[in-house]
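Novice: what's the 3D shape of this:
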Amino acid sequence: MIKRNWLLIPMLILGFYYNMWRIQNADTEMVFQEFFYAFLLLLFLIFLGFAVNKDFKKYHISKSLKSFIPSTIGFLILISFAVNAFVLSLRDHSCVIMHAGYDGDFNGAWFEFREDGTYKFVDHAGIGADITRGNYEIKDSIITIDRCKIGNVIVSNTLLFREENYGDSKFKVLYQINKNHIIINTNIKFLVKMIYKIETM
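Specialist: Residues are numbered from 1 along each chain as shown. As a prediction, this is how the structure comes out:
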């Protein structure tokens with residue numbers, strides 16, 4: 001069975017590691033990461049193509065639908081790739097109502113606050129980025145997130161809205177504040193881009 005359907009082995013191995021690495025690295029972005037996944041997918045499709053061709057040849061001889069077992073399994077693995085991608089994408093399905101970004105020259109970070117009370121925080125460091133997701137609450141000019149520390153940028157779970165002047169323009173920014181509502185570091189501020197109006201503000 002295994003010798004006759006040896007193409008199942010590389011397809012199963014590639015399918016397992018593709019899905020596993022996609023899940024493990026769902027909250028990490030690295031340079032060339034997508035090229036690596038594309039290479040694995042291409043390799044899988046090559047083996048699947050060989051399996052389909054081989055199964056058709058076996059079917060012409062045996063006239064048995066069992067000939068298509070390897071290619072059927074291959075297509076099921078291919079479907080699992082799509083299901084995996086869909087499930088991971090559901091985490092960010094809610095509309096972004098506010099974007100707040102910090103530019104640290106080589107490094108950078110930004111928040112995406114969503115309509116359903118969740119946020120996505122991206123800590124970008126040159127060749128890669130770490131992604132953190134969680135929940136937040138907003139009241140008046142205060143945003144409270146569910147984490148007190150994220151990487152080396154976020155050291156408080158409380159963010160304060162402030163309006164500042166830049167020349168003739170006014171912009172809203174977010175600062176991190178401590179329990180006494182004192183700004184922790186004035187050098188780290190997130191420039192706010194309102195996408196939808198937040199009623200509580």
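
Novice: neighbouring strands of the longest strand along the chain in the sheet, and parallel or not?
Specialist: What stands out as the longest strand in the chain, according to DSSP state E, is strand 128-139. Paired neighbours of strand 128-139 in the sheet (DSSP bridges): strand 28-30 (antiparallel), strand 118-125 (antiparallel), strand 142-145 (antiparallel).

Novice: ok, of those strands, where does mean pLDDT dip lowest?
Specialist: Among the strands paired with strand 128-139, strand 28-30 carries the lowest mean pLDDT, a mean of 84.

Novice: centre of the chain to the next helix or strand after it, how far?
Specialist: Next helix or strand after strand 28-30 toward the C-terminus (DSSP states H and E): helix 33-62. Relative to the chain's own centre, helix 33-62 is displaced by 27 Å; criterion: Cα atoms, centre = their mean, to the nearest Å.

Novice: same question for stretch 90-100.
Specialist: Mean-position distance between stretch 90-100 and its chain equals 12 Å (Cα atoms, centre = their mean).

Novice: who's in contact with that stretch?
Specialist: By Cβ atoms under 8 Å, 6 or more residues apart in numbering, the residues outside stretch 90-100 that reach it are 110-116, 118, 120, 133, 173-174, 190-196, 198. C-betas here are computed from N, CA, C, even on glycine.

Novice: lovely, talk soon.
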